[in-house]
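[1] I need the structure of the sequence given here:
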Amino acid sequence: MAEPLLVCDLAQQFCVWKRIQSAVTLLVSQERLAFMQQLEAVPVYRSRATRSLGCYVSVAGQPRCIRLQFKQEYSCLQETFLHEVAHLCDHLQNFSSLSYRGAHRRGWQQWATALEIPVKRSGVSEAIDALYKERLKAVAVCQGCGEIVYRLRRLPANKRFYHRSCGHRLTPL
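    Numbers count the residues shown, from 1 in each chain. Purely as a prediction, here's the structure:
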């Protein structure tokens, strides 16, 4: 696995480091230096996910990493990165040493506004949608209507599955 980038390195590549610093200056009143040191040291890993553009990961109350799907469009990637940084900042400010439970609530919304990104839960990337569709495989056929079911993973062999549309049993391929 390749060496991860740090939040500060990727923010400088995306030319958003000053925007992050401004948001921290605006929203953090005490111990800004310690906050910034924690923030800039979080690693950013490449994600292989095709249904999410990025995610913030914390373990045992501590920031672990940010995962980003780098195959999305550049403007979308920049916004996704800042979205995940908003989660990181919200965790550091409002849930320090606690499990992060603030996803898309008031604290996160304040950070999103300060980082000048849309206050929305998820984004859309045509490149990632195409990647998802490319990875789909035929996994079953309906015994009733003959429709082929596509998924990323096979159906478990020890269970019975039924087609939502017509109610007939699916036969694994």
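[2] what number of residues lie near Val59?
    Here the count is done by other CB atoms under 10 Å, and Val59 has 10 residues near it. C-beta here means a position set from N, CA and C on the backbone, and glycine is covered the same way.
[3] specify the beta-bridge partners of it.
    Gln62 (DSSP bridges).
[4] pLDDT score assigned to it?
    On the pLDDT scale, Val59 is placed at 93.
[5] just checking, what packs against the longest helix along the chain?
    When the chain is parsed with DSSP state H, its longest helix is helix 74-94. In terms of contacts (3 or more CB pairs under 8 Å, 6 or more residues apart in numbering; DSSP states H and E), helix 74-94 is packed against helix 7-13, helix 17-27, helix 32-40, strand 54-59, strand 62-68, helix 106-114.
[6] again, only this time at 7 Å
    helix 32-40, strand 54-59, strand 62-68, helix 106-114 (3 or more CB pairs under 7 Å, 6 or more residues apart in numbering; DSSP states H and E).
[7] who touches the first one?
    Put plainly, it is helix 32-40. Residues outside helix 32-40 that contact it (CB atoms under 7 Å, 6 or more residues apart in numbering): Leu6, Val7, Cys8, Val24, Thr25, Val28, Leu88, Cys89, Leu92.
[8] which of these are buried?
    Buried members of the contacts of helix 32-40, scored by 16 or more other CB atoms under 10 Å, are Leu6, Val7, Cys8, Val24, Val28, Leu88, Cys89, Leu92.
[9] redo these as TSV? Include distance to Cys145.
    Listed next are the buried ones among the contacts of helix 32-40 as TSV, based on distance: CB to CB, whole Å:
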residue	distance to Cys145
Leu6	52
Val7	50
Cys8	54
Val24	56
Val28	58
Leu88	47
Cys89	50
Leu92	52
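[10] just the closest of the residues you listed to Ser58, please.
    Leu88 (8.4 Å; CB to CB).
[11] and Cys145, that one's in a strand?
    No: under DSSP: H, G, I helix; E, B strand; the rest coil, Cys145 sits outside any strand and is assigned coil.
[12] check Met1 and give its pLDDT.
    On pLDDT, Met1 comes in at 52.
[13] rewinding a little: so which of the helices and strands packed on helix 74-94 comes closest to Arg48?
    Across those, closest to Arg48 is strand 62-68 (CB to CB), at 9.1 Å.
[14] ok, and what's touching the closest one?
    Where contact means CB under 7 Å, 6+ apart, the residues beyond strand 62-68 that reach it are 4, 7, 42-47, 54-58, 77, 80-81, 84, 88, 91-92.
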